[in-house]
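Undergrad: Below are the sequence and a predicted model; questions follow.
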Amino acid sequence: MCFQNVLNDRVQCTICPRNCVLQNGQEGFCHIRKNIEGKIVLTSYGYNTGLAIDPIEKKPLFHFYPASSVLSFGTLGCIMGCRFCQNWHISRGKADAMLLNPTTPAEIVDIAKAHNCKSVAFTYNDPIAFFEYALDTAKLCRENGIKTVAVTSGYINPEPAKEFFKYMDAANIDLKGFSERFYRKNCLAHLAPVLETIKYVKNQTNCWLELTTLLIEGENTSDEEIKSECQWILDNLGSDVPLHFSAFFPNYKFSDRKPTEYKTLLNAYKIASGMGLNYVYTGNSAVTETAATYCKNCGKILIKREGYRLPEYNLKDGYCIFCGTKCSGEFE
């Protein structure tokens, strides 16, 4: 596995669409992929910003072993340049990775087992940036019966995507907006590669897929943009991919912006549901009605959520107990 091109005295990293061309000793945009004597080296391999045990709903994944525990970790750096990043202190941080917590893939698997975690999540910063560390850990997880989760921007080139998602059991991909303008201005990236990754994961892999769009007032909240996003999902992915609309909170270079109002989330929720998406959610809000999973056939509540608690669960082997309709997802 070697995703790089040699160009005379430089090396091109081909993990993500930035395709950084690096001189010896030079780091890529992500800060953690570096040309060391003609080879792209992940400088954060084996080091992370800390381990946490989370409910799987926090990723957010609502249709992947609900109420199970997931061991989460990330490193430094990121392939994206989001001006609104909620984890900017690690994603854009340039500290020496070796000052972080040293943890081998094998140790991560042992910790997950010790704490009865159903899965391990690569999150906090984009695992595409720490590709080799995430992949080696994912392979060991699979050998030990532990599920794997990628929380990612989906900003990856087609060939590494095949290797990466082959070892992921679930992914939540951030569809950050639905215009090239938004991606160029606010993420220093492009929309098209993300859409290609999303289509690939849904249509050509066994990886369970959910999507999240962080709504930022005045940036990606127009009815037209939300309708375009939902229509693209229907046309390319079908009606059963869960879509989470999450609230933005001021941070990083968007510290002067106002938080997303619930009415903005609710508007997007109504548009998506009205257009025929079966599983739409408002994330990081305390409203149970728009965080619940409803049967796409009879309309009754399948999973009621209060924060990360599930006080009501009306599925048996993934099927609605009221009408017998299968709920899309991975369930015990």
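TA: That came in fine, so what should we check first?
Undergrad: and the residue positioned nearest the centre of the chain, what pLDDT?
TA: In the chain, the centroid-proximal residue (CA atoms, centre = their mean) is residue 151; its distance is 2.5 Å. At residue 151, the pLDDT value in this model is 98.
Undergrad: Pull stretch 200-213 out as PDB, backbone CA atoms only.
TA: Provided in PDB are the C-alpha atoms of stretch 200-213 (Å, rounded to 0.1, in the frame of the first residue of the first chain):
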ATOM      1  CA  TYR A 200     -19.000   4.900  -3.700                       C
ATOM      2  CA  VAL A 201     -19.600   4.100   0.000                       C
ATOM      3  CA  LYS A 202     -23.400   3.700  -0.500                       C
ATOM      4  CA  ASN A 203     -23.400   1.800  -3.800                       C
ATOM      5  CA  GLN A 204     -20.200  -0.200  -3.900                       C
ATOM      6  CA  THR A 205     -19.300  -1.200  -0.300                       C
ATOM      7  CA  ASN A 206     -20.800  -3.000   2.700                       C
ATOM      8  CA  CYS A 207     -20.100   0.000   4.900                       C
ATOM      9  CA  TRP A 208     -23.200   1.400   6.600                       C
ATOM     10  CA  LEU A 209     -23.600   5.100   5.700                       C
ATOM     11  CA  GLU A 210     -25.100   8.100   7.400                       C
ATOM     12  CA  LEU A 211     -24.700  11.800   6.500                       C
ATOM     13  CA  THR A 212     -24.400  15.000   8.500                       C
ATOM     14  CA  THR A 213     -24.900  18.500   7.400                       C
END
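Undergrad: Name the helix or strand for the residue nearest to the centre of the chain, please.
TA: Taking DSSP states H and E as the definition, residue 151 sits inside strand 147-152.
Undergrad: partner strands of that strand, parallel or antiparallel?
TA: Strand 147-152 pairs in its sheet with strand 119-122 (parallel), strand 170-174 (parallel), by DSSP bridges.
Undergrad: Past the shortest one, which element shows up next along the chain?
TA: Toward the C-terminal end, the helix or strand that comes next after strand 119-122 (DSSP H and E) is helix 131-143.
Undergrad: Show me how far that following helix is from its chain's centre.
TA: Relative to its chain's centre, helix 131-143 lies at 16 Å (CA atoms, centre = their mean, to the nearest Å).
Undergrad: what's the answer for stretch 137-153, then?
TA: Using CA atoms, centre = their mean, the offset of stretch 137-153 from its chain centre is 13 Å.
Undergrad: got the end-to-end distance for that stretch?
TA: End-to-end distance for stretch 137-153, by CA to CA, to the nearest Å: 19 Å.
Undergrad: follow-up on the earlier one: can I get the strands paired with strand 147-152 in JSON lines including distance to residue 106 and mean neighbour count?
TA: Bear in mind the C-beta positions are built from the backbone N, C-alpha and C, glycine included. JSON lines is the format used below for the strands paired with strand 147-152 (distance: least, CB to CB, whole Å; neighbours: other CB atoms under 10 Å):
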{"stretch": "strand 119-122", "distance to residue 106": "12", "mean neighbour count": "26"}
{"stretch": "strand 170-174", "distance to residue 106": "22", "mean neighbour count": "24"}
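Undergrad: can I get the ones you listed in CSV with distance to residue 222 and mean pLDDT?
TA: Shown next, in CSV, are those (distance: least, CB to CB, whole Å; pLDDT from 0 to 100):
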stretch, distance to residue 222, mean pLDDT
strand 119-122, 32, 98
strand 170-174, 19, 98
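Undergrad: thinking again about what came up before, next up, phi/psi of the residue nearest to the residue nearest to the centre of the chain when sequence neighbours are not counted, please.
TA: Setting aside the residues directly before and after it, residue 151 is nearest to residue 123 in space (CB to CB, 6 or more residues apart in numbering), at 3.9 Å. Dihedral angles of residue 123 (phi, psi; degrees, to the nearest 10) stand at phi -160, psi -170.
Undergrad: Tell me how many other residues crowd residue 123.
TA: Neighbour count for residue 123, taken as other CB atoms under 10 Å: 22.
Undergrad: do the same with residue 219
TA: Residue 219 has 21 nearby residues by other CB under 10 Å.
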